[in-house]
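Trainee: quick one, fold the following:
(chains A and B)
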Amino acid sequence: MHSPLQRVNPTRRLARVTVLVLSVGLIATACSSDSSQESANLTVYSGRGEDLIQPVLDLFEERTGIAVDVRYGSSSEMALLIDTEGERSPADVFISQSPGAVGFLEQQDRLELLTDSIIGRVSDDFSGADNRWVGITGRVRVLVYNTDAVDPADLPGSFLELTETAYAGRVGVAPGNGSFQDFVTAVRSDLGDAATLTWLRGMAANGSPNYPKNSAIVDAVARGEVDMGLVNHYYLVEALEEDPSLPAANHVFPEGDLGSLLIVSAAAILDSSDNKDAATDLLEFLLSDDAQALSANAEKEYPLVGGIAQPEGLLPLDDLAAAVIDLNVLAGGLSGTQELIDQSDLSQ
Amino acid sequence: MRRRPPKALVAVSGAVGLLFIAPFAYVVTQNLRLGADFGEILTDGDTWATLRRSFSLAIFVSVSAAVIGTGLAWTVVRTDVPFKKLLAVIAPLPLVFPSFVGATALISGFATGGLLEQIVEPAGISLPELRGFRAAWFVLTLFTYPYVYLPVAARLRHLPRSFEESGRILGRSPAEVFGTIVWPQIRTATSAGALLVFLYTISDFGAVELLRYDTFTRKIYANQLADRGTAMAFSLMLGIIALAVVAAERSLIRRDPPAPVATKGRSMPIALRAWRWPTFAAIVAFFAIAIVGPVASLAHWTIRGVNATRSTGSLALSSHGLFDAITNTVLISSVAAIVTVAVVLPIAYLSSRHTGRFSDVAHGLVVAGFALPGLVTALAIVFWVLRTDALIGLYQTLPLLILAYVVHFGAQASGAARLAVNTIPRPLEDAARMLGAPRTRRFFTIELPIMIPGLIAAGGLVLLSTMKELPATLLLSPTGFDTLATEIWASMDAVSYAQAGLESMALLAVSAVLTWTLVIRVADRLD
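Mentor: Have a look, this model is predicted:
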């Protein structure tokens, strides 16, 4: 029988393409499956970017001979993944960009108690109150400003001044961002919920434009879309590397002001890990002098272990507000913070 | 005459349907476990305000994407507009921009102080701020019209031109011909595409977040760690809304028009005469906004980064891993496209040929699943696979990743595949049956060849969507398996815009090549 539409040839051609694509795919699939089945390696889920943490992990591999497999994603996605995986999670270690995501897993009882060889390396302020996670590096909240639009003499001495009319519509915020939320949680623990809500409402009433994340604020400030913004210190440092002519600078709030809170990145070992010794080795290594110096310089962040030189141009760690904040509140109080931010209408 | 569906088809469709139930079943079990306070959520005025915002955005975007996608498809397929082939390659491309890149690029191109303003500023023009409803409407329309364009173009390619030609010979104006002859034949394709746009818009997070328009998905993301119960409750509501919208679309556009028997041979394209170049200019202007705009921003990022490199001495660009990422992207997206079409075809067949409750439910599940954010679908797969002993070996391997794409993008293939099944003329099928051709032979020699243009459109949508997929790829890919989308995400995360620009341009180039070789050339050979 002839095909009524005489269209058999193209079908055959398409069939050939299909078979070719599928067979290449299957071969590749088979190869990849082989390599991913080895479980002797240490598996790390990292919310910190590859550019920040991979050099340190490479050095660990080189020193110890323990191979490390890393999965990168946002800190909250990785925390959700570990939570969903449950007992059967392949992850041994979780590295988080901020205390929030690691605190979420602590609430789910998923974190292993850390040994003193890890916890003892940093001051009590930089680890979880139950010793189930430890800070690795720190970054500072700052007010980034456009140097063409703002006279440094007009910069505020405290974040509390940002609700004044002089700053109306001029300060970008990122209410949905983890670091901003950590900052608000710190304010809650210092001033209480009522005062925090008053400040958030003041920021909303002042018409402070909101942005999705720190980098968007830094972009907007550099473009001149908004004069100032509350962000972490290193976004501008990185943006200036790509374009040194950007008319923007970081303002660190004076000593003791929560506006320049220090927020740590954190690491933890999972209770479901079948490789806890190697995981402990990795956390010890992350807090070793060499790794601290390496990450501080590569990331333009503060080392948390005493005696390590911090990157040039950063205000000394001792002068910052970090010491007065109970990081445990910071990690656990996320949902209360979210509620206050929602109530304040700052995200509208 | 209605025939009972073959048992094998029902069994296969049931198994496929089970796959697509997985995300919904996960959302329901999590709601039972976490027990969010639905009373409080449903009485909160903010919930309804957010719902209204999501809905109005989704409706506006669907309508504008339907108009643009249909108009563009008709012009490119049917008229003598210049450089048709080139336009056909470019038209589907905006679909490939991950929305976090596309929106960021458009913002830095068109926003206050951005690239465009730097150009027009000397002329005293200043641009409106790109945020809120209108910005989200604008940006999402630009990135979603291909959902309509591809199926409509496929449908138009298949339709005989003789009716249109008769209409024109009888003195009808092109507008009358379009309204009375073309539109009734393509409206199901337009509506299936618009439905995808609707579902994509209510599930999108990247663009609405960057453009600061507060929608339902933002509620899911904002609460994902802080309040799992609320996040899951909102996911459930999103799923229910999607099922309702899919059912509504199905009852509105119940009957597909009977398929006319295709005619062979080329006929004359519709002459636009004096409008030929103005039409071309209008399309070029549109592409300038939808593609050249974002690409200019991407190129600007890269060039700026390279220039900075010269002064600081540290290289801002790295081609390390780019080749692997390209190979991986091409591999998974083409495999995902073929597998997805093959998987949804039985349900498309069943729901088009043997309408009934079972096929309606199966089709509804496949399509509505697209409204769940990709992260939720990916977590659902993690959840079920790690709780099924037989499947654990598959965890974080490529076959499972492909399966995740199938579940998330099945909707895109499903609508177009159903249209493809509809193009099979019944008399032809009946003739073959009466001549005693067995079922498999009928399928391969008659039905499949006729369905191919539609199936290619279905695969093309999945291909482009897989290339930019992020959450499932991050969660489920084998360790160390990078795609262009994950590399772009990592670069954006590290604020290496120069690198992100380079990788995004690579993504665009790769998808143009794939669209050309796998979608357009194959479809052309069939003409």
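Trainee: what's the span of stretch A:93-101 from first residue to last?
Mentor: Using Cα to Cα, to the nearest Å, the span of stretch A:93-101 from its first residue to its last is 13 Å.
Trainee: so is that stretch next to chain B?
Mentor: Yes: judged by Cβ under 8 Å from any Cβ of the partner chain, stretch A:93-101 and chain B are in contact via A:Gly100, A:Ala101. (Each C-beta comes from the backbone N, C-alpha and C, glycine too.)
Trainee: off-centre distance for that stretch?
Mentor: The chain centre lies 7 Å from the centre of stretch A:93-101; the measure is Cα atoms, centre = their mean, to the nearest Å.
Trainee: any part of stretch B:460-479 near chain A?
Mentor: Yes: Stretch B:460-479 is in contact with chain A by Cβ under 8 Å from any Cβ, via B:Pro471, B:Leu474, B:Leu475, B:Pro478, B:Thr479.
Trainee: nearest to A:Gln181, of those?
Mentor: Distance to A:Gln181 across these (Cβ to Cβ) is lowest for B:Pro471, with 20.8 Å.
Trainee: so how many other residues sit close to the closest one?
Mentor: Neighbour count of B:Pro471, defined by other Cβ atoms under 10 Å in any protein chain shown: 23.
Trainee: mind putting the residues of stretch B:460-479 next to chain A into TSV with pLDDT and secondary structure?
Mentor: TSV is the format used below for the residues of stretch B:460-479 next to chain A (pLDDT from 0 to 100; DSSP: H, G, I helix; E, B strand; the rest coil):
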residue	pLDDT	secondary structure
B:Pro471	91	helix
B:Leu474	94	helix
B:Leu475	95	helix
B:Pro478	93	coil
B:Thr479	88	coil
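Trainee: most neighbours among these, please name it.
Mentor: For the residues of stretch B:460-479 next to chain A, the largest neighbour count, defined by other Cβ under 10 Å, is 26 neighbours, found at B:Leu475.
Trainee: mind checking how far that residue is from B:Ala380?
Mentor: Relative to B:Ala380, B:Leu475 is positioned 11 Å away (Cβ to Cβ, to the nearest Å).
Trainee: ramachandran coordinates for the nearest residue to B:Leu142 once chain neighbours are set aside?
Mentor: Counting by Cβ to Cβ, 6 or more residues apart in numbering or on different chains, B:Ala290 is the residue found nearest to B:Leu142 once chain neighbours are left out, at 4.4 Å. Main-chain dihedrals, B:Ala290, degrees, to the nearest 10: phi -80, psi -30.
Trainee: distance check, B:Ala290 against B:Leu199.
Mentor: 21 Å.
Trainee: between these two, who's got more neighbours?
Mentor: Remark: of B:Ala290 and B:Leu199, B:Leu199 carries more neighbours, 27 against 24, as counted by other Cβ under 10 Å.
Trainee: touching, that one and B:Leu372? I think so.
Mentor: No: in this structure, B:Leu199 is not within contact of B:Leu372 by Cβ atoms under 8 Å, at 9.2 Å.
Trainee: show me the common contact partners of these two, please.
Mentor: Overlap of the contact sets of B:Leu199 and B:Leu372 (by Cβ atoms under 8 Å, 6 or more residues apart in numbering or on different chains) consists of B:Ala242.
Trainee: is chain A contacted by whichever helix or strand B:Thr29 is part of?
Mentor: Using DSSP states H and E, B:Thr29 maps to helix B:7-34. No: judged by Cβ under 8 Å from any Cβ, helix B:7-34 and chain A are separated, with a smallest distance of 8.9 Å.
Trainee: list the buried ones in that helix?
Mentor: Judged by neighbour count (16 or more other Cβ atoms under 10 Å in any protein chain shown), helix B:7-34 contains these buried residues: B:9-10, B:12-13, B:16-17, B:19-24, B:26-27, B:30-31.
Trainee: what packs against the following helix or strand past it?
Mentor: Per DSSP H and E, helix B:7-34 leads on to helix B:38-43 as the next helix or strand towards the C-terminus. Packing partners of helix B:38-43 (3 or more Cβ pairs under 8 Å, 6 or more residues apart in numbering or on different chains; DSSP states H and E): helix B:228-252.
Trainee: so the helix it packs on versus helix B:7-34, what angle?
Mentor: 150 degrees (axes from the mean of the first three to the mean of the last three Cα atoms, to 10 degrees).
Trainee: quick check: mean pLDDT of helix B:228-252?
Mentor: Here helix B:228-252 scores 88 as its mean pLDDT.
Trainee: equivalent analysis for stretch A:238-258, please.
Mentor: 85.
Trainee: with stretch B:374-381 instead?
Mentor: 94.
Trainee: one more: stretch B:14-28?
Mentor: The average pLDDT within stretch B:14-28 is 91.
Trainee: which secondary structure element of the chain has the lowest mean pLDDT?
Mentor: No chain specified, so I'll use chain A. Within chain A, no helix or strand scores below helix A:327-332, which has a mean of 52 by mean pLDDT, DSSP states H and E.
Trainee: that's the wrong chain, I meant chain B
Mentor: Least confident helix or strand, chain B: helix B:521-525 with a mean of 68, by mean pLDDT, DSSP H and E.
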